[in-house]
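Participant: The amino acid sequence is not available; the structure is as follows:
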């Protein structure tokens, strides 16, 4: 298998559509994928062991998603700085320590971007949200011992992001909680 050609089919403000010509067994195929900026996800836990989640409106889905605070690397900054900024801007919470936990392909069948999970222990509210106009976010605090039930039965009209489960499992496996 060899990628023989890459062509940008579309370039927008936040993403590019890339057509890749692929040679496999002397045959040529076309694969289309999307490139957007890498993202950070923050598993932030309060001193009372409440996970900070967001009920965030997702325009492509046309519904709300229950997800971790997150954001894309849209500024010239390091991943850690992005995680700190996004937690503060979206939720009004901050933490003294952020631990990089895991990096993963976001949706490798179509996306080229990488996600990174950070753990923020003892996150405290300071009320300094600074959301963008299109970020329709409601901050939700869920005790860890009620997280499974909440995610399996999200509020009406919402879907739960599988990355919340994944981050929780990884952070437990690494014995951070």
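Facilitator: Yes, it's here. Keep in mind that this is a model prediction, so the values were computed, not measured. Residues are numbered from 1 along each chain as shown.

Participant: now the residue lying closest to residue 1 once chain neighbours are set aside: how far from residue 139?
Facilitator: Once flanking residues are discounted, residue 1 sits nearest to residue 24: 5.0 Å by C-beta to C-beta, 6 or more residues apart in numbering. Where you see a C-beta, it was placed from the backbone N, CA and C, and this is true even at glycine. For residue 24, the distance to residue 139 equals 47 Å [C-beta to C-beta, to the nearest Å].

Participant: Comparing these two, which shows the higher neighbour count?
Facilitator: When residue 24 is set against residue 139 and neighbours are counted by other C-beta atoms under 10 Å, the residue ahead is residue 139, at 16 against 9.

Participant: for the more buried one, what are its contacts?
Facilitator: Contacts were defined as C-beta atoms under 8 Å, 6 or more residues apart in numbering; by that measure residue 139 touches 52-54, 90-93.

Participant: Please tabulate those residues in TSV, including the columns secondary structure, neighbour count and distance to residue 80.
Facilitator: Shown next, in TSV, are the contacts of residue 139 (DSSP: H, G, I helix; E, B strand; the rest coil; neighbours: other C-beta atoms under 10 Å; distance: C-beta to C-beta, whole Å):
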residue	secondary structure	neighbour count	distance to residue 80
52	strand	24	18
53	strand	26	21
54	strand	21	20
90	helix	23	16
91	helix	25	17
92	coil	18	19
93	strand	22	16
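
Participant: Domains in the chain, by residue range?
Facilitator: Domain ranges of the chain: 2-35, 37-173, per automatic domain parsing.

Participant: Quick check: mean pLDDT of stretch 90-104?
Facilitator: Averaging the model's pLDDT scores along stretch 90-104 yields 95.

Participant: what's the answer for stretch 133-153, then?
Facilitator: Taken as a whole, stretch 133-153 carries a mean pLDDT of 91.

Participant: C-terminal to the helix or strand containing residue 101, which secondary structure element comes first?
Facilitator: Following DSSP states H and E, the helix or strand that holds residue 101 is strand 98-105. Proceeding C-terminally, strand 98-105 gives way to strand 114-121 as the next helix or strand, assigned by DSSP H and E.

Participant: Now the phi/psi pair for the residue nearest to residue 1, please.
Facilitator: Dihedral angles phi and psi of residue 24 (degrees, to the nearest 10) take the values phi -140, psi 120.

Participant: Spit out the contact partners of residue 144.
Facilitator: If a contact means C-beta under 8 Å, 6+ apart, then residue 144 has 45, 49-51, 168, 177 as its contacts.
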